[in-house]
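*Asks:* Here is a sequence together with a model predicted from it:
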Amino acid sequence: MTSEWELKKLIVEIGKRIWLRGYVASNDGNITVKLNDREILTTPTGMSKGFMDTDMIIKVDINGKVISGNPKYRPSSEAKMHFEVYKERPDVNAVVHAHPPYATSFAVAGIPLNKCVLPEAIIVIGAVPTAKYGLPSTMEIPDAIREHIKNSDALLLENHGALTLGSDLLNAYHKMETLEHTASIVWKAIQLGNMNVLPAYERDRLMELRSQFNIPGRIATCDATPMPSSDSPAGAAPSAMPASGAVSEKTIRDITERVIAKLAKK
Ligand code: 13P
């Protein structure tokens, strides 16, 4: 079993990684690890996660009461969101919250990452839902995530960021990497004007692999409906974009063509 000291060191290491990879700015983001049914380690509030040391990590109970830690530091203001996960999902032992730019862009646009696009993403994070906006540090966020965390280990938080859950800290962190990597590729495919969605048959084969590999955690099944082709009537098939208020595939294609034409003139 990993000792409390080793877990504190790992939290510091993962904090460094999320900061170095640009998943958080300034003092954003928070990380927790469950020690047992009563005790949780949390990052301190208002500190850069890229510059922590083990002395800053605080041990709290499931209601947020400090058990031990340097009195100079207070527990994350978002600890309630993490506690909600531990209450709802006894199989989860670590939670990472960050604001990675591509995933957060989808969260701001209100577009869930729910299409079957990349094999690893289909297997590891599945269809990533978007939880309704809530005021940070209040019960609005735990209330907003409650339904989603029942079926998903990766979530977008509307106008806020992303949340990943894991059987251990590395597992939760790796899901954050997979989420951001997927979001950046989907974003770029949209800019290129086309996104080929893997068909249901392929998705089902991947889901079969997931059970063979015994991958822990929960995922929602991704959407294998193809994107509408450029010559099909608008709205002929559901797209990754919401029906109202979103930029259509045709608009993106037109803008891309205009930009390419401009670049070609230079
Ligand atoms: P804390 O520093 O209190 O953990 O909050 C950071 C954050 O990202 C809030 O969303």
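*Replies:* Structure received.

*Asks:* Which residue ranges of the stretch 51-200 of the chain form strands?
*Replies:* 58-61, 66-68, 94-98, 130-131, 154-157, 161-166 (DSSP state E, counting those that start in this stretch).

*Asks:* Mind listing the strands the last one pairs with, and their directions?
*Replies:* Same thing as strand 161-166. Here strand 161-166 is paired, per DSSP bridges, with strand 94-98 (antiparallel), strand 154-157 (antiparallel).

*Asks:* Poorly predicted segments of the chain, please.
*Replies:* 229-266 (pLDDT under 70).

*Asks:* Nearest residue to the middle of it?
*Replies:* A162 (3.8 Å; C-alpha atoms, centre = their mean).

*Asks:* My understanding was that it contacts S152; is that so?
*Replies:* No - A162 is beyond contact range of S152, at 11.5 Å (criterion: C-beta atoms under 8 Å). Just so you know, the C-beta spots here come from the backbone N, C-alpha and C atoms, and that holds for glycine as well.

*Asks:* and T42, how far is that from F213?
*Replies:* Distance of T42 to F213, given as C-beta to C-beta, to the nearest Å: 31 Å.

*Asks:* where does V33 land in three-state SS?
*Replies:* The three-state label given to V33 by DSSP: H, G, I helix; E, B strand; the rest coil is strand.

*Asks:* what sits against it?
*Replies:* Residues counted as contacts of V33 (C-beta atoms under 8 Å, 6 or more residues apart in numbering) are L7, L10, I11, I40, L41, N93, A94, D168, L169.

*Asks:* State the distance from the fourth one to the ligand.
*Replies:* If I follow you right, that is I40. Separation of I40 from the ligand (C-beta to the nearest ligand atom, to the nearest Å): 13 Å.

*Asks:* repeat for the third one
*Replies:* For I11, the distance to the ligand under the criterion C-beta to the nearest ligand atom works out to 12 Å.

*Asks:* Residues contacting the helix or strand encompassing that residue, please?
*Replies:* In the assignment (DSSP states H and E), I11 maps to helix 4-20. The contact list for helix 4-20 (C-beta under 8 Å, 6+ apart) reads 2, 24, 29, 31, 33, 35, 41, 43, 48-54, 57, 59, 96, 98, 169-170, 173, 176.

*Asks:* Let's see that with 6 Å instead.
*Replies:* By C-beta atoms under 6 Å, 6 or more residues apart in numbering, the residues outside helix 4-20 that reach it are 24, 29, 31, 33, 41, 49-50, 52, 54, 57, 98, 169, 173.

*Asks:* Between strand 94-98 and it, find me the angle.
*Replies:* 20 degrees (axes from the mean of the first three to the mean of the last three C-alpha atoms, to 10 degrees).

*Asks:* buried set for helix 4-20?
*Replies:* For helix 4-20, the neighbour count (16 or more other C-beta atoms under 10 Å) marks L7, K8, L10, I11, V12, I14, G15, I18, W19 as buried.
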